[in-house]
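Student: Just the structure for this:
(one chain, ligands or ions: 1)
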Amino acid sequence: MATQADIYQQVWDVVVVGGGMVGAAAALGLAKNGFSVLVLEQQAPNMDWNRQTPVGIRVSALTRASENILRNLNVWSFIVQNRHHPFRSMHVWDAFSSAEVTFNAAEIGEANLGYIIENDLIQSALWQGFAREPNLAVSLGSKIIDLQLPNADDAIAKLSLDNDKTLQARLVIAADGGRSQIRQLANIGLNRQDYDQCAVVGIVKTELPHQDTCWQRYTENGPFAYLSMGNNYSSIAWYLPIEKQQWALSLSDAEFAQALGKASDYRLGQVVEVGQRGAFPLIRQHSNHYVKHGLALIGDAAHTIHPQAGQGVNLGLLDAAALVDVLSAAKQANRDFSTLACLRKYERWRRGDNALVQRSMEWFAWFYQDNALKNGVRQGVLPIVNHFKPGKNWLMEQALNGREALPSLAQLYAI
Ligand SMILES: Cc1cc2nc3c(=O)[nH]c(=O)nc-3n(C[C@H](O)[C@H](O)[C@H](O)COP(=O)(O)OP(=O)(O)OC[C@H]3O[C@@H](n4cnc5c(N)ncnc54)[C@H](O)[C@@H]3O)c2cc1C
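Tutor: Residues are numbered from 1 along each chain as shown. Got it, this is the predicted structure:
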């Protein structure tokens, strides 16, 4: 592995800015395909994991495609050794009609519909994988002050840092999240819409067992979800108008527990234990371009979506896997993988799918609004949907396995 002094000497094939779940997956996938990779990250994740590590409040519902990516990157076993929670069903209902829809893994011959896993654990598992890759190095803590992309005079991208050093790479991958500094330095604009909502998250214990089921109820404020974890514990995602964020955070534990019970219509009885909580404002963003010569955006740096269907990191991991395929194919054919023509293949592959999923979140919000006509439509149509197995099975397959042609890493046991 390169020493900290060496990292400024060499021209890296790829510098990945941001070692979150998506950037780390891209870095590991590229290193496994023979690229020299440097990950530039502000803060190292906790690498010291065991089953007693306190449960984090940020969790993700991972699809089968994401599970395959993590398996194929050889990091799934680390997650399983620590904590992962399969969910076998998903139950959706609303406060304004009596229509309910249940999705069951058994109906499509699957053992589960995915896993609820802490974000920190996913990131840490990927970072454990870094240590096994001799051509992958990490640089921690340096701030970027400038980005120079390849131009007619110089085919190398340069990242100037606040320690007066410069990193050189054929390709920079921006995986630095929704507020991506790299996207801004590259002057890539955004299509952005504030949802005027926040998500209040935390881990709670309920009186009744969750039955390995994720429960989602649409209310006048937005959806409320229990995501099933160990024993009677669930992760909550309580969506509220943004002006209620401070109110939700300021409630006493007893008041908070009472409010959650009410939002879920006591489907799992009373909330009997609440832990730490946090809140995140929700914004839809889609960058106008994913690529430039010498630059690719992935994950939240390229798009953020409403988390009600738990798709954000799943889409990001598919971006990472698609980019690994496109770059590896170019490298194998001895073609320059940093050109706009090459990188556009990645953009064409992923942009439409990401846009479709973003839009479908708005469709859900619209469909579940409290409105006499829509309440009547749900009342009439959803019981039919609930009994129409081919339609429901198709929806489950799409959500679990992805919609577009799957990148190699997302296929079962690709490596
Ligand atoms: C409430 C909530 C619930 C969610 N639930 C789900 C779910 O169930 N399923 C799902 O798929 N998605 C979910 N999401 C979305 C998911 O959390 C995000 O899509 C995912 O975290 C994006 O990962 P990322 O690696 O692209 O970005 P981030 O997680 O934001 O990581 C970016 C990384 O870049 C680093 N960084 C930033 N700037 C710099 C810089 N200048 N230099 C170096 N490093 C930098 C940061 O330190 C960080 O490590 C949810 C989101 C919210 C808000």
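
Student: so what pLDDT did Lys392 get?
Tutor: Looking at Lys392, its pLDDT stands at 81.

Student: how about the residue of the stretch 1-150 of the chain found nearest the ligand, what does it touch?
Tutor: Residue nearest to the ligand within the stretch 1-150 of the chain (CB to the nearest ligand atom): Gly20, separated by 2.4 Å. All C-beta spots, glycine's among them, are computed from the backbone N, C-alpha and C. For Gly20, the contacting residues are 123, 175, 177, 299-300, by CB atoms under 8 Å, 6 or more residues apart in numbering.

Student: repeat that for 7 Å
Tutor: For Gly20, the contacting residues are 123, 175, 177, by CB atoms under 7 Å, 6 or more residues apart in numbering.

Student: Just confirm the last one contacts Ile298, I think it does.
Tutor: What it means is Gly177. No. In this structure, Gly177 is not within contact of Ile298 by CB atoms under 7 Å, at 10.6 Å.

Student: Could you check which of the two has the larger neighbour count?
Tutor: Neighbours were counted for Gly177 and for Ile298 using other CB atoms under 10 Å; Ile298 has more, 30 against 18.

Student: For the more buried one, list the residues it contacts.
Tutor: Ile298 neighbours (CB under 7 Å, 6+ apart): 22, 26, 173, 175, 316, 319-320, 323.

Student: give me the subset of these touching the ligand.
Tutor: Among these, proximity to the ligand is found for 22, 175, 316 (CB under 6 Å from any ligand atom).

Student: Report how many residues lie close to the second one.
Tutor: The local packing count at Ala175 equals 32, with neighbours defined by other CB under 10 Å.

Student: what do you get for the first one?
Tutor: Neighbours of Val22 under the rule other CB under 10 Å: 30.

Student: Look up phi and psi at the spatially closest residue to it that is not a sequence neighbour.
Tutor: Leaving out its chain neighbours, the residue that sits closest to Val22 by CB to CB, 6 or more residues apart in numbering is Gly299, at 3.1 Å. Dihedral angles of Gly299 (phi, psi; degrees, to the nearest 10) stand at phi 60, psi -150.

Student: any idea how far the residue sitting furthest away from the middle of the chain lies from Cys342?
Tutor: Distance from the centre of the chain peaks at Asp153, with 37.4 Å (CA atoms, centre = their mean). Per CB to CB, to the nearest Å, Asp153 is found 21 Å from Cys342.

Student: Look up phi and psi at Val16.
Tutor: phi -100, psi 120.

Student: I'd assumed Ala174 was in contact with it.
Tutor: No. Applying CB under 7 Å, one finds Val16 not in contact with Ala174, separated by 8.5 Å.

Student: Between these two, which is the more surrounded one?
Tutor: Val16 (32 against 29).

Student: about what we covered before: doesn't the residue farthest from the centre of the chain lie inside a helix?
Tutor: No. Counting by DSSP: H, G, I helix; E, B strand; the rest coil, one finds Asp153 to be coil, located in no helix.

Student: and it, what does it touch?
Tutor: With contacts defined as CB under 7 Å, 6+ apart, Asp153 has no neighbours.

Student: Need the ones next to the ligand among the contacts of Ile298 in TSV (columns: secondary structure, distance to Leu282 and pLDDT).
Tutor: TSV is the format used below for the ones next to the ligand among the contacts of Ile298 (DSSP: H, G, I helix; E, B strand; the rest coil; distance: CB to CB, whole Å; pLDDT from 0 to 100):
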residue	secondary structure	distance to Leu282	pLDDT
Val22	helix	18	98
Ala175	coil	20	98
Gly316	helix	16	98
